[in-house]
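>>> kindly return the folded structure for what I paste below:
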Amino acid sequence: MMRTIRIGALLALIAVLAAGVGTVAAGSGDGKILDTTLVGLPAPGTVIAGVTGAGHAWAVGDSSVKLFADGRVRVRVEGLVLTPENMNPVGSGRIEVSCNGGVGGLGSGNVLQSAVIPLSIPDGNADFNGTLSLPSTCMAPTVFFTSAGGGWFAVSGF
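Alright, predicted model coming up:
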C-alpha cells in the first residue's frame, strides 16, 4: 500500500513539474518556442489549427521558422510554388501564427496575422522578421505562410 502511494505521489509530482516547465518555456520572455521548417499544402481547403488552406496545392523548397515567446517571428521561404505547375503566381502573402489550437479564429488573440509581405514571382521566395502579439500562453504554436486573404500555402510542424 505504501509503495502504491509513493508511486502515485511521484507521478503527480512529475505531472505538475511537466506542466510548469511548459508554462515557463512559453512565457520565458525571449525563449525560442518553435524552430522548424514548412511543408506545402497537399490538398486544397485543408484546415489546420483554425486556418483554412488555399484553393490549390502548394509545395515549398527550403524554409525555416523560428518563433519566440516574446512574439518575434522569423520565417524564410524558398521555392513556394503551385503543384504541379512549379511556379508562383502570387506577389504577396502573410505570416499567421496559431496558438492554443486556433480557438476562436482570426481576431481571437489565438490566430495572429502579419502585415502583407512580398513573395517573389515566379520563384516563391520570402523573408519575414517581425513581431506579433502572442497570447500570454501560446501552446502548440503553428506558423503558416498564407495568401494576403488568409488561405494557407505552407505550414510548420511536420
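>>> from here on, contacts and neighbour counts on C-alpha atoms
Will do.
>>> any idea how far residue 95 is from residue 58?
Here residue 95 is placed at a distance of 16 Å from residue 58 (CA to CA, to the nearest Å).
>>> who's the closest spatial neighbour of the residue nearest the centre of the chain, skipping the chain neighbours?
By CA atoms, centre = their mean, the chain has its centre lying nearest to residue 143, at 1.7 Å. Counting by CA to CA, 6 or more residues apart in numbering, the nearest residue to residue 143 once its immediate chain neighbours are dropped is residue 97, at 4.5 Å.
>>> which helices and strands sit right next to the helix or strand harbouring that neighbour?
If you go by DSSP states H and E, residue 97 is part of strand 92-98. For strand 92-98, the elements it packs on are strand 111-113, strand 117-118, strand 142-146, judged by 3 or more CA pairs under 8 Å, 6 or more residues apart in numbering; DSSP states H and E.
>>> thinking again about what came up before, burial count for the residue nearest to residue 143?
Applying other CA atoms under 10 Å, we find 29 other residues in the vicinity of residue 97.
>>> swap in residue 84?
Counted with other CA under 10 Å, the neighbours of residue 84 add up to 10.
>>> for it, which three-state class applies?
coil (DSSP: H, G, I helix; E, B strand; the rest coil).
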